[in-house]
Every structure is written in structure tokens, then in C-alpha cells.
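A.B. asks: Sequence and predicted structure, then a few things I'm wondering about:
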Amino acid sequence: MKGTIMRPAHHGTFVAALAAAAISLGGCAAGAPSASTTASPTTTAAQPSSSATAPAALATYTFPDGRLSFKYPADWKVELFTGDVKPSTSRTATVFDASGTKQVTVYSGLVADGVTHPVTRTVFESAPVAGLQQQQAPAAHYSFYVDRMENNPTYRMHLTAGAPAAGKGMALDGIVRIGKEVLVADAQFIEKPFASDAAAKAWLASDEGQSIKALLLSVTYR
């Protein structure tokens, strides 16, 4: 889906900071840009949709620390942004598809911001991320769901700490702990990307939906 994710701005802010963090960052995506990075394709096949005729070639992007990585379609590209502080305490990899549309952001750093408020949730899919299962509990999951507040739907596909619960609850901040840092990985949806839950499920079955799902499931931290 084209565009960037938009969420209600009038709710309180939750800050997840590790004990070692002494510097507050201006946001997951803030920082000075470095050169865009595209890894060489691997021989691994992306999970295809039911209508795909052949698996897509994948490339692997690895963060500068050499520990955090993910796989993505080889004809997409990745650009890395780092924080202003030297040495950098935050890194955001932005993934663009072949047309140049922003599809996913993957952030790692010492601090991450999130918002929370009461919602009613319908979960479409959730599954453990194999490459993050050795990290701190609750275990990281890929999740695709819709939160509703006063009948206003917010669709999200991202990594969550544990599997999201259906029904009444609180909006998820999407913050996962990895080593001494935090990780936030989110699909970038426009505001109101789907006309209905059925349309969201149909998108999930598309090549685009399956590519983003596979990317999130491939995130690994060693």
C-alpha cells in the first residue's frame, strides 16, 4: 500500500528505554541519512501468494552492527538513516519497493516511542519470528490486525512483543527487545488503506502483502 502510516496523535506517549540509555532520541526515523544500501540477492525464495507464478529472488540487508538483518525482494532497495549522536545510538532501515514506494521501516536503538489507547481488535494473522526467538520474552511475533476505536479502524502489520489478543484491549506500541536495544518493524500503510476487513485479507494474499509479511518474518538478531 502506498504512503506512510498515520495514527491518532492525541493519546499519551509510552517510552521504552533500556537501563543503559541516557539519551532521548527524537523518533525512530530521525537522523542523518547515509548512502542507500542494497544487498546482493540470495538463493532463498520469498513466500509466494496463491497467484504467484514463481518465487521471487531475495536479498539480505544487515545492519552495521552485523547482528540485525532481514530479507527482502531483490528488486526493492534499502536506505539506512542513523541518529545525530556519534557514535550512533539509533538506526532506521527504510525499505522501498521497485516503484520507489516506502513499504517497511525497521528501527533499532536505545529508545523507542509508542502510543496506547483502548481499542477493540480483530486479528488476521500472527506467528512467531524464528530469528528472534532467543531474545527476551515475550517472544517477537509477526502480526496483522485491525484496531477499532469508536468504529474507526487502524490496520497494522508489524512485529509485536507476543501475539496480539483479539477483543477489547490496548493499542500495541510494537516495541521488541533485542540484546541491549529495542526493535520496531512496521509496514507503512496510508491512512485508511483498506475499505473493509475483507479487502485487507485480499491484500494479504497479494504479492505485495506476502512480500511484506515474509520480510517481517525474516528479521533475525544474532
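C.D. replies: On my side now, so go ahead. Just so we're clear, the structure is a prediction, and the values are computed from it rather than from any experiment.

A.B. asks: Can you report how many residues neighbour residue 169?
C.D. replies: 14 (other Cβ atoms under 10 Å). Bear in mind the C-beta positions are built from the backbone N, C-alpha and C, glycine included.

A.B. asks: what ranges do the helices span in the chain?
C.D. replies: For the chain, the helices defined by DSSP state H cover 197-204, 207-217.

A.B. asks: Most tightly packed of the ones you listed?
C.D. replies: helix 207-217 (a mean of 21; mean count of other Cβ atoms under 10 Å).

A.B. asks: Compute the inter-axis angle for that one and helix 197-204.
C.D. replies: Counting by axes from the mean of the first three to the mean of the last three Cα atoms, to 10 degrees, helix 207-217 lies at 80 degrees to helix 197-204.

A.B. asks: I'd like the average pLDDT over helix 207-217.
C.D. replies: Mean pLDDT, helix 207-217: 98.

A.B. asks: Now do that helix: which elements does it pack against?
C.D. replies: Helix 207-217 sits against strand 68-73, strand 102-109, strand 140-149, strand 152-161, strand 181-187, helix 197-204, with contacts defined as 3 or more Cβ pairs under 8 Å, 6 or more residues apart in numbering; DSSP states H and E.

A.B. asks: Neighbouring strands - and their directions - for the shortest one?
C.D. replies: Okay, so that is strand 68-73. Strands flanking strand 68-73 in the sheet, each with its direction: strand 57-62 (antiparallel), strand 220-221 (antiparallel) (DSSP bridges).

A.B. asks: Can I get that strand in PDB? Just the C-alpha atoms.
C.D. replies: Taking C-alpha atoms only, strand 68-73 is exported to PDB below (Å, rounded to 0.1, in the frame of the first residue of the first chain):
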ATOM      1  CA  LEU A  68      20.300  -7.500  13.000                       C
ATOM      2  CA  SER A  69      19.300  -8.500   9.400                       C
ATOM      3  CA  PHE A  70      16.200  -9.200   7.300                       C
ATOM      4  CA  LYS A  71      15.400 -10.500   3.800                       C
ATOM      5  CA  TYR A  72      13.500  -8.500   1.100                       C
ATOM      6  CA  PRO A  73      12.700  -8.800  -2.600                       C
END
